[in-house]
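[1] Sequence first, then the predicted structure, then my questions.
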Protein chains: 2
Amino acid sequence: MELRHLRYFAAVAETKHFGRAADRLHLAQPALSQAIRQLEGELGTPLFVRTTRQVDLTPAGEFLREEAARILAAIDDSVRGVRRIAEGRQGLLRIAFTGSAAHTLLPRIARTVKRELPGMALEIHADLLTPAQVAGLTDGSLDLGVLRPPTSGDALTLRTIARDPLVLAVAADHPLAEKAEVSMADLRTEDFILFVGSRSVVNDAVLRSCREAGFTPTVAHEAPGTTVMLPLVAAGLGVALVPAATRAAPLDGVVFRDVSDAAYLDLALAWRTDDTDPALLAVLEVLEAAGLFSPTTPDSAPDSATELDEAVR
Amino acid sequence: MELRHLRYFAAVAETKHFGRAADRLHLAQPALSQAIRQLEGELGTPLFVRTTRQVDLTPAGEFLREEAARILAAIDDSVRGVRRIAEGRQGLLRIAFTGSAAHTLLPRIARTVKRELPGMALEIHADLLTPAQVAGLTDGSLDLGVLRPPTSGDALTLRTIARDPLVLAVAADHPLAEKAEVSMADLRTEDFILFVGSRSVVNDAVLRSCREAGFTPTVAHEAPGTTVMLPLVAAGLGVALVPAATRAAPLDGVVFRDVSDAAYLDLALAWRTDDTDPALLAVLEVLEAAGLFSPTTPDSAPDSATELDEAVR
DNA sequence: GGAGATCCATATCTCAGGCTTATCAATCAT
DNA sequence: ATGATTGATAAGCCTGAGATATGGATCTCC
C-alpha cells in the first residue's frame, strides 16, 4: 500500500464519485478505478459498492475512511513539524550558564528566545563552570554555553558578549566593607574563598590579579559555585573576588566593593563550530538581532590555547 | 511523499546504516539513498548527517523518526481493522426483535454472538413490530430482524426459527383464569386488546382465529407493544391473545392459558437478500452453527405476498 | 419506449521513474 | 600504505502508473 492509495481512496470516499474524485486528483478516471481496485485487492475486501449510478462505502470502507483521514492528517502534521524544526522555529536548545551569568544574561536570553521563537524549548543548565560547559558542548550534551573565556579549541566558536571586572565580595561586618573601593593590595592578608577546581577561569583571574599585586592568596575554602561561595563569605570565612555580574544575586550579609586594579573577565557564548542544529542557528540569529552580541568585539581572538583546551579531551 | 519514503526512512533511522537498511528492505543501497534524498528534498531539510563511516539523525530526522513510527503503526492497525471488519469479526449489527421474541430469543442470540464474535457490537431495537422491522430493513437502518411472518418481498430473506401458538393472556381474577385450557369459543363475548395498527401480524392471527371460531372480536383497546398490553390485561380492561413466547415475560396479575384451537405464529429472522455486510454474514453463520435455525424448515416458503409487502414501499 | 447522458469498468499503450549494476570517493583499520 | 567499508554518483533497464479509447449498464426525458 502507498499513500497514493489512501489519498485516492479518501477522495472517492468523500465525493462518492469516481469521476469527480479523479478530477480533483488531476487524474483520469480509469487510473483512479485501477488504484482503488489495487487497494481493495491488497486489503482483501471491497471498500465500495459501485453501480453505474451510485458509489457507496462498505462497512470496511467506512472504517477505512476515518482511518485514512486520520493518517493523512497525521502525515500533514508531521511534515509541518519537520519543516518547523528545520527552520529552527521549534525544537530544544540545551543551554548552560556560569553561575554569575545566570542572574543577568539568563533572563534576557530566555525572554528574547521566548518572544522570537515561541516554539523553542530551552533546557537550562544553570551554574555550570566553564570546563563543564566545554565538556558538555564537545560531547554533544549541550548546544550553547554562556561561559568565561579563555578557552578555545577549533571545535568551539566563541563570541564575547560581556566584560565584567572582578569585584570584592565581603561580609557586611568586615572592615573592608567600610571602604567604597579597595585595591588588590588591601587583600594581601585576607583569607580567600576560591571556586573548586584549579582550572576555574575565575580562579585563574583571581590568582593572576593577586600575582600582579605581588602576593599569593591564602586559600581558606573552596566552593563549587556562587550559591555556596556567597554564604561562606557572609559567614565571614573569607573574602572572594567574583565577577561583577554576581551583584545581581545579592545575599544578606554580603556586600560588593569595586576593586580598582583587579582583572577583567569576559563572558562569551560558545557553541560547536560544526553544529548545524537549526534550533541553535535560529537562537543565535535571534540573539544577534536582539543586540546581545554587541557589548564587545564580535570576534573573540582565539588567543593562547589555555588549560581549558585540555579539559576538552 | 509516499509510504515507501517513510518505510525507507524508518529503516535507515533505525539501523543508522544505508547498506543494512537496504538489505532489510530487499533493495539495493543506491535506490535507498535516492529515496531518502527525495524525501529530504521534499521536506526541504536533511534528515541525516552522513559521513562514509556514520549516519546520524538531524533534529528534524529525530522528530520524523517518531512520527514515521506512529504513522506506520497506525497504517498497520488500520489494515488489520479493515480485515477484521471484512471478515465480520468486528463491526456493528443493528438487530430488531418483536416484543415477544425479546424475552426468549434476544438473550440467546446476544449470548451466542458475544461468545463467537467478541468484537461484534449489537445495536438492539427491542419491541419493534414486523412492519417497522420490514421498513427498517428495507431502508437500511436495520441489518437483521426477528419478526413474525408472513411477510416477503424479494428484497428480504426470511428464515423461520420458531413456531409459537397464540395463548390467552387474562387478568388473574378473571373467570377464564380458572380453566387450565380454553377454546376460542370461550372468548366470543370477551373484550379484546389488540396491538396498534391494523397491519400487525399478531392482530392478523388473532382476527383469523376469531373468524375461524365464527365471531368478530370486540376491540376494547389497542396497545403499541407487549409492554403496554400486559398491564392493560392485568387491569382487567380486556383479554389478549399473544404469542406463547410472551410467557417468558410474566407480569403480576396476568396469567397465561393455552388455547386449544388458536392459530400459530412463526418467528423468523429477516435480512436484506442483497446485504453483503460481513457483520451480518458472520452473525448469520454463527447463529446457524449454534442451531438457532433448526426449529422449523430452513426455507420458509415466500408464500403469498401479503399486506406487509405494501408497508415496504 | 427509445435516444441521449452519465458513469464505472475494461483494454491497450506510453513513458516516467524506481530499481539495478557498476563505479567512485572518502574514511577507517591494520 | 593498502585493503575494507560505506555512501554517493552514473547509466541503463523495465515495471507499472496513468492516459486514451471504448464498452456496458442505468437513469432521464421527450
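    All right, it came through fine.
[2] Based on its surroundings, how many neighbours for A:T160?
    Applying other C-beta atoms under 10 Å in any protein chain shown, we find 18 residues neighbouring A:T160. (C-beta placed from N, C-alpha, C; glycine too.)
[3] What's the mean pLDDT across the longest strand anywhere in chain A?
    Of all segments of type strand in chain A, defined using DSSP state E, the longest is strand A:156-171. The average pLDDT within strand A:156-171 is 88.
[4] List the strands paired with the helix or strand following it, with their directions.
    Per DSSP states H and E, the first helix or strand lying C-terminal to strand A:156-171 is strand A:181-182. Paired neighbours of strand A:181-182 in the sheet (DSSP bridges): strand A:254-259 (parallel).
[5] tell me the angle of the strand it pairs with relative to strand A:156-171?
    110 degrees (axes from the mean of the first three to the mean of the last three C-alpha atoms, to 10 degrees).
[6] Put the alpha carbons of strand A:254-259 into PDB.
    The C-alpha coordinates for strand A:254-259 follow below in PDB (Å, rounded to 0.1, in the frame of the first residue of the first chain):
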ATOM      1  CA  VAL A 254      27.400  40.100  51.800                       C
ATOM      2  CA  VAL A 255      28.500  43.400  50.200                       C
ATOM      3  CA  PHE A 256      30.300  44.000  47.000                       C
ATOM      4  CA  ARG A 257      33.000  46.500  46.500                       C
ATOM      5  CA  ASP A 258      34.800  47.700  43.400                       C
ATOM      6  CA  VAL A 259      38.400  46.700  43.200                       C
END
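[7] pLDDT averaged over it, what's the number?
    pLDDT averaged over strand A:254-259 gives 93.
[8] which strands and helices sit next to whichever helix or strand comes after that strand?
    Remark: after strand A:254-259, the chain's next helix or strand is strand A:264-272, criterion DSSP H and E. Judged by 3 or more C-beta pairs under 8 Å, 6 or more residues apart in numbering or on different chains; DSSP states H and E, the packing partners of strand A:264-272 are helix A:130-139, strand A:144-147, strand A:156-171, helix A:201-212, helix A:278-289.
[9] if we go to 6 Å?
    In this structure, strand A:264-272 makes packing contacts with strand A:144-147, strand A:156-171, judged by 3 or more C-beta pairs under 6 Å, 6 or more residues apart in numbering or on different chains; DSSP states H and E.
[10] What pairs with the last one, parallel or antiparallel?
    Going back to what we said before, that points to strand A:156-171. Applying DSSP bridges, you get strand A:240-243 (antiparallel), strand A:254-259 (antiparallel), strand A:264-272 (antiparallel) as the partners of strand A:156-171.
[11] got a list of contacts for the longest one?
    By that I understand strand A:264-272. Strand A:264-272 is contacted from outside by A:101, A:137, A:144-145, A:147-149, A:156-165, A:205, A:243, A:280, A:300, using C-beta atoms under 6 Å, 6 or more residues apart in numbering or on different chains.
[12] picking up where we left off before, and of the strands paired with strand A:156-171, who's closest to B:K114?
    Proximity to B:K114 (C-beta to C-beta) singles out strand A:264-272 among those, at 61.9 Å.
[13] ok, and for the closest one, which residues are buried?
    Using 16 or more other C-beta atoms under 10 Å in any protein chain shown as the test for burial, strand A:264-272 gives A:L265, A:D266, A:L267, A:A268, A:L269, A:A270, A:W271, A:R272.
[14] what's the answer for stretch A:172-186, then?
    Neighbour counts over stretch A:172-186 (16+ other C-beta under 10 Å) mark A:H174, A:A177, A:V182, A:M184, A:D186 as buried.
[15] So which bits of the strand or helix carrying A:E62 are buried?
    A:E62 is part of helix A:59-87 when elements are defined by DSSP H and E. Neighbour counts using 16+ other C-beta under 10 Å place A:59-65, A:67-68, A:71-72, A:75, A:78-79, A:81-82, A:84-87 of helix A:59-87 among the buried residues.
[16] quick one: average pLDDT of the helix or strand just after that helix?
    The first helix or strand that comes after helix A:59-87 along the chain, using DSSP H and E, is strand A:90-97. Mean pLDDT, strand A:90-97: 93.
[17] go on, stretch A:229-244?
    91.
[18] Which residues does that stretch contact?
    A:100, A:164-167, A:169-171, A:190-193, A:206, A:220-221, A:223, A:251, A:253-254, A:265.
[19] Give me the nearest residue to the residue of the stretch 51-200 of chain A found nearest chain B, chain neighbours excluded.
    Chain B sits closest to A:A86 of the stretch 51-200 of chain A, with a gap of 3.3 Å, by C-beta to the nearest C-beta. Of all residues not flanking A:A86 in the chain, B:T45 sits nearest, at 3.3 Å (C-beta to C-beta, 6 or more residues apart in numbering or on different chains).
[20] quick revisit: closest to DNA strand D out of the buried residues of stretch A:172-186?
    A:M184 (54.5 Å; C-beta to the nearest atom of the strand).
[21] Now do the same contact list for that closest one.
    A:S209, A:A213, A:D261.
[22] Count the neighbours of A:P250 for me.
    For A:P250, using other C-beta under 10 Å, the count is 12.
[23] JSON lines please, covering the contacts of A:M184 and showing distance to DNA strand C and neighbour count.
    Converted to JSON lines, those look like this (distance: C-beta to the nearest atom of the strand, whole Å; neighbours: other C-beta atoms under 10 Å in any protein chain shown):
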{"residue": "A:S209", "distance to DNA strand C": "44", "neighbour count": "20"}
{"residue": "A:A213", "distance to DNA strand C": "49", "neighbour count": "17"}
{"residue": "A:D261", "distance to DNA strand C": "49", "neighbour count": "13"}
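[24] Let me know the closest of those to A:L292.
    Among the contacts of A:M184, A:S209 lies closest to A:L292 (C-beta to C-beta), at 27.5 Å.
[25] coming back round to it: adding distance to A:L27, write the helices and strands packed on strand A:264-272 out as TSV.
    Shown next, in TSV, are the helices and strands packed on strand A:264-272 (distance: least, C-beta to C-beta, whole Å):
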stretch	distance to A:L27
strand A:144-147	49
strand A:156-171	51
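[26] Please identify the most buried of the ones you listed.
    Highest mean neighbour count among the helices and strands packed on strand A:264-272 (mean count of other C-beta atoms under 10 Å in any protein chain shown): strand A:144-147, with a mean of 26.
[27] Report the distance from that one to the chain centre.
    8 Å (C-alpha atoms, centre = their mean, to the nearest Å).
[28] before we move on, what SS does the residue in the stretch 151-300 of chain A that DNA strand D sits nearest to have?
    With C-beta to the nearest atom of the strand, the shortest gap between the stretch 151-300 of chain A and DNA strand D falls at A:T276, namely 15.0 Å. Three-state assignment for A:T276 (DSSP: H, G, I helix; E, B strand; the rest coil): coil.
[29] count of residues packed around it?
    Neighbours around A:T276, by other C-beta under 10 Å: 11.
[30] what's the distance between it and B:T58?
    7 Å (C-beta to C-beta, to the nearest Å).
[31] Then A:V242?
    40 Å.
[32] Kindly report the same for A:D275.
    Separation of A:D275 from B:T58 (C-beta to C-beta): 11 Å.
[33] who's more crowded, those two?
    Neighbour totals were compared for A:D275 and B:T58, and B:T58 leads with 20 against 17 (other C-beta under 10 Å).
[34] Assign the nearest residue to the more buried one once chain neighbours are set aside to helix, strand or coil.
    Among residues not flanking B:T58 along the chain, B:P46 sits closest, at 5.5 Å (C-beta to C-beta, 6+ apart). Here B:P46 is recorded as coil under three-state DSSP.
[35] and of the strands paired with strand A:156-171, who's closest to DNA strand C?
    Closest among those, using C-beta to the nearest atom of the strand: strand A:264-272, at 16.6 Å.
[36] what is the rounded mean pLDDT of the closest one?
    So the average pLDDT for strand A:264-272 ends up being 88.
[37] Please state the offset of it from the chain centre?
    Worked out by C-alpha atoms, centre = their mean, strand A:264-272 lies 14 Å from the chain centre.
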